[in-house]
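Asks: okay, predicted coordinates and the sequence, questions at the end:
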Amino acid sequence: MVRASITLVETSSQGHIALVFDANFHITDSTGKIVASTSDDVDASVAKIGGANKDRIITVAFSQDGSLFATCNNEKTVTIYNTADWTAVRSLIIAKRATAITFDPSGAYLLIADKFGEVHRTPTALSADEAASKPELLLGHVSIVCDVKMSHGSPSYVLTCDRDEKLRVSKYPNAYNIQSFGLGHTEFVTTIATAQFAPNNAVTGSGDGTLRLWDISSGQLVQTVDLQELLEPYYTDGRVRMGVSNFEDRNAATQRYGVLRVRSIEGQRMFVAAVERFPVVVVLSFGEGPALANVRVVDVARPVADVAVLGDRIVAAYAPPSGETDSDDLAVVLEPTNGDLTTDVTLSAALNALSTQQIEAAAPAPSIYVWGNKMYMDPPKDDED
């Protein structure tokens with residue numbers, strides 16, 4: 001038996017860290033102490049979170065003020081929690097399987113992107129008017145929507161990216177008014193990051209192995225950062241293995257630099273990215289121009305599955321161990337020290353001391369090149385969604 005790895009990590013402006021493992025999650029404070037959990041394997045002093053998570057959780061989000069937390073699982077159940085007492089304030093079943101969720105700036109609505117290319121929004125509070133509580137269609141793409149984010153500042157935009165290599169910027173809440181398209185990626189676009197220090201810009205990551213900086217009002221591509229130039233040595237010296245050519249992976253025996261996640265580090269005016277299979281985080285400063293500068297590759301112990309930002313600190317969740325000699329650490333936390341990034345030993349140790357759940361074996365996560373491939377096969381016919 002082995003300890004289940006963390007599949008998603010999310011942080012809030014109130015200092016909470018959400019650590020997702022399969023169908024459960026822990027909520028810790030900024031010291032790594034569990035304050036609430038859906039798991040039964042926690043101390044009696046920890047708040048027990050109820051809800052409808054009966055299947056693997058696939059996406060989570062905090063509201064901007066940290067007062068709400070939302071999850072969506074593989075059964076298409078969305079649950080919204082009040083973080084003051086961790087009670088479920090709303091639960092609903094959506095029609096299609098979600099790919100990403102985010103709250104609007106007010107926290108009054110949750111935006112839900114799905115694998116059928118649509119983004120709906122639903123009120124975070126129940127209304128006496130049943131019709132007003134139902135999700136409403138906000139916008140649509142013609143392929144899988146991979147991520148959805150809100151801009152900062154005014155006017156307000158909703159940003160979406162898809163498997164067809166596009167970034168779309170739409171006015172909010174009237175998202176039928178398209179402000180711009182960001183065109184330039186040559187593979188599926190997996191992730192979007194916006195920042196308060198750069199209200200007119202966004203950074204995207206893609207299966208084409210690039211990070212791209214955009215002007216969101218015009219859709220102009222401002223800058224491209226090619227990760228191959230930075231990360232190819234990890235292939236040549238064997239620190240990263242090439243993929244295999246099968247349905248589970250679809251990452252053929254070649255070098256790939258697929259970006260899993262990009263986040264902003266507000267206090268440092270930086271962005272941080274996680275790259276599939278690589279035991280690194282990539283950190284970029286945001287400078288005048290605007291431009292991404294001082295690109296650094298920071299080594300960590302194992303490949304990173306997800307990354308989030310807690311104040312000025314980077315929380316990187318590790319992918320499952322690939323060999324018997326690997327540690328079963330769940331995560332590492334990096335903090336700025338004299339212009340460098342070093343391990344926050346105290347918080348890292350606290351997170352790695354947490355129990356998740358015992359499983360028979362740690363299955364590797366499917367490559368993003370599975371669903372990102374335009375030749376992606378449909379699931380079995382008995383899976384209607």
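Replies: Nice, I can see it. Numbering: from 1, shown residues only.
Asks: counting neighbours, what do you get for Ala353?
Replies: Other residues within reach of Ala353 by the criterion other C-beta atoms under 10 Å amount to 10. C-beta coordinates here come from the backbone N, C-alpha and C atoms, glycine included.
Asks: pLDDT value on the residue nearest to it when sequence neighbours are not counted, please?
Replies: Spatial nearest neighbour of Ala353, excluding adjacent residues (C-beta to C-beta, 6 or more residues apart in numbering): Gly32 at 7.8 Å. According to the model's per-residue confidence, Gly32 sits at a pLDDT of 97.
Asks: list the contacts for Gly32?
Replies: With contacts taken as C-beta atoms under 8 Å, 6 or more residues apart in numbering, Gly32 has the following neighbours: Ile17, Thr346, Leu347, Ala349, Ala350, Leu351, Ala353, Leu354.
Asks: now list the buried members of those.
Replies: Among these, those classed as buried by 16 or more other C-beta atoms under 10 Å are Ile17, Leu347, Ala350, Leu351, Leu354.
Asks: filter the residues you listed down to the ones in strands?
Replies: For those, the ones inside strands are Ile17, with DSSP state E as the criterion.
Asks: now, among the buried ones among the contacts of Gly32, which is nearest to Ala273?
Replies: Closest approach to Ala273 among the buried ones among the contacts of Gly32 (C-beta to C-beta): Ile17, at 19.2 Å.
Asks: what separation do you get for the closest residue to that closest one other than its chain neighbours and Gly15?
Replies: When the adjacent residues along the chain are set aside, Ile17 lies closest to Thr28, with 4.7 Å between them (C-beta to C-beta, 6+ apart). In this view, Thr28 and Gly15 are 9 Å apart by C-beta to C-beta, to the nearest Å.
Asks: which of those two has more neighbours?
Replies: Looking at Thr28 and Gly15 with other C-beta under 10 Å, you find the greater number of neighbours at Thr28, namely 23 against 13.
Asks: surely Gln64 and Gln14 touch.
Replies: No. Checked against C-beta atoms under 8 Å, the pair Gln64 and Gln14 is beyond contact range at 10.7 Å.
Asks: and the two? which has more neighbours close in?
Replies: Using other C-beta under 10 Å, the more surrounded residue of Gln64 and Gln14 is Gln64, with 18 against 14.
Asks: next one, pLDDT for that one please.
Replies: Residue-level confidence at Gln64 comes out at 97, pLDDT.
Asks: show the backbone phi and psi for it.
Replies: Taking degrees, to the nearest 10, you get phi -60, psi -30 for the backbone angles of Gln64.
Asks: nearest residue to it in space, please, no chain neighbours.
Replies: Across the structure, with C-beta to C-beta, 6+ apart as the measure, the residue nearest Gln64 apart from its sequence neighbours is Pro105 (5.9 Å).
Asks: equivalent analysis for Ile359, please.
Replies: If the residues on either side of it in the chain are set aside, Ile359 comes closest to Ala4, at 5.1 Å by C-beta to C-beta, 6+ apart.
Asks: next, the contact list for the one you found, please.
Replies: Ala4 makes contacts with Phe21, Asp22, Thr356, Gln357, Gln358, Ile359, Ala362, as judged by C-beta under 8 Å, 6+ apart.
Asks: in the protein, which helix or strand is least confident?
Replies: With mean pLDDT, DSSP states H and E as the measure, the helix or strand of the chain carrying the lowest mean pLDDT is helix 130-133 (a mean of 72).
Asks: distance-wise, check Ser13 relative to Ser30.
Replies: Ser13 is 11 Å from Ser30, where distance means C-beta to C-beta.
Asks: can you check Asp306 too?
Replies: Summarising the geometry, the distance separating Asp306 from Ser30, computed by C-beta to C-beta, is 18 Å.
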